[in-house]
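Engineer: dropping the sequence and predicted coords here.
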Amino acid sequence: MLTEACRGDSARIPRIPAARVIGMGPRHDRLRRAALVSAAVVMLLAGLAACAPEPGTGPSAGPSPTVEGPGASASATPEPSASPTPQAAIPDDCVGMLSEIVAAQLSGVPLNDPALGEPTGKQPDGSLVCVWRDPAADTTHLVTTISKMDRGPALEMLNQLADDLGFNCYTPDLGTRCEKTWPNVDYPVTDGRTLFWRDGILIDTRYSNLAPEGYTSAIVASLWG
């Protein structure tokens with residue numbers, strides 16, 4: 001708060017009274033006036049110093065600027081990004097990657113029956129092939145292949161399925177999923193295919209008349225959950 005001496009638009013220079021020293025001549029009169037002017041300047045400077053605001057308390061003073069944004073610090077030094085998602089591993093067991101609810105829906109269906117005469121289980125390249133099928137069945141089956149595939153080839157393939165074959169694609173669980181169903185050409189059942197890609201791993205499932213609810217989601221949860 002300003003003191004009484006600081007109120008007003010500006011500090012006023014004190015009025016200098018005329019010299020009235022009896023017995024002094026013009027020279028003394030001039031010296032007297034010079035002394036009074038010097039005293040007035042000193043008083044003015046002192047008054048202005050008294051009215052000056054203290055550091056940090058003036059109208060323009062305010063908090064120091066801060067750097068805004070996620071991970072920003074006052075020194076504007078970027079913080080390291082979050083750790084990448086751990087690389088998932090391709091399972092070794094077709095049953096172990098399923099939840100109990102999904103596995104129960106496949107109860108009684110033969111898994112990787114040698115009579116099928118095709119490669120199943122863990123493959124030399126590290127992929128996993130799971131074939132749920134009774135060799136005596138005409139069409140009922142569920143075949144899942146889990147393999148490594150780089151981002152470029154995977155997205156190119158999924159885009160082609162969406163553009164050329166009408167697959168429905170979306171991005172759940174930090175990955176890309178494409179799926180489609182259609183009527184079997186020989187039997188009154190539904191066929192389909194579901195693919196899920198994430199972090200260099202592709203889950204590709206083809207099925208006919210055998211589609212356990214939550215099957216692909218259970219595998220995704222097992223790999224990345």
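Structural biologist: Done, it's in. Numbers count the residues shown, from 1 in each chain.
Engineer: and the helices in the chain?
Structural biologist: Using DSSP state H, the helices of the chain run over residues 26-51, 100-105, 151-165, 215-224.
Engineer: show me what the last one is packed up against.
Structural biologist: The helices and strands touching helix 215-224, judged by 3 or more Cβ pairs under 8 Å, 6 or more residues apart in numbering; DSSP states H and E, are helix 100-105, strand 141-148, strand 190-198, strand 201-208. C-beta coordinates here come from the backbone N, C-alpha and C atoms, glycine included.
Engineer: likewise the third one?
Structural biologist: In this structure, helix 151-165 packs against strand 168-170, strand 176-183, strand 190-198, with contacts taken as 3+ Cβ pairs under 8 Å, 6+ apart.
Engineer: what do you get if the cut-off is 10 Å, keeping everything else the same?
Structural biologist: Helices and strands touching helix 151-165, by 3 or more Cβ pairs under 10 Å, 6 or more residues apart in numbering; DSSP states H and E, are strand 168-170, strand 176-183, strand 190-198, strand 201-208.
Engineer: residue contacts, the nearest residue to Ala89 once chain neighbours are set aside?
Structural biologist: With Cβ to Cβ, 6 or more residues apart in numbering as the criterion, Ala89 has its nearest non-adjacent residue at 7.6 Å, and that residue is Leu223. For Leu223, the contact set (Cβ atoms under 10 Å, 6 or more residues apart in numbering) comprises 88-91, 97, 146, 173, 175, 196, 198-199, 201, 203.
Engineer: of these, select the buried ones using a ChimeraX command.
Structural biologist: Applying 16 or more other Cβ atoms under 10 Å to those leaves a buried subset, and the ChimeraX line that selects it is:
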select :88,90,91,97,146,175,196,198,201,203
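Engineer: distance of the closest residue to Pro183 other than its chain neighbours from Gln87?
Structural biologist: The spatially closest residue to Pro183, leaving aside those adjacent along the chain, is Thr190, at 6.4 Å (Cβ to Cβ, 6+ apart). Going from Thr190 to Gln87 by Cβ to Cβ, to the nearest Å gives 35 Å.
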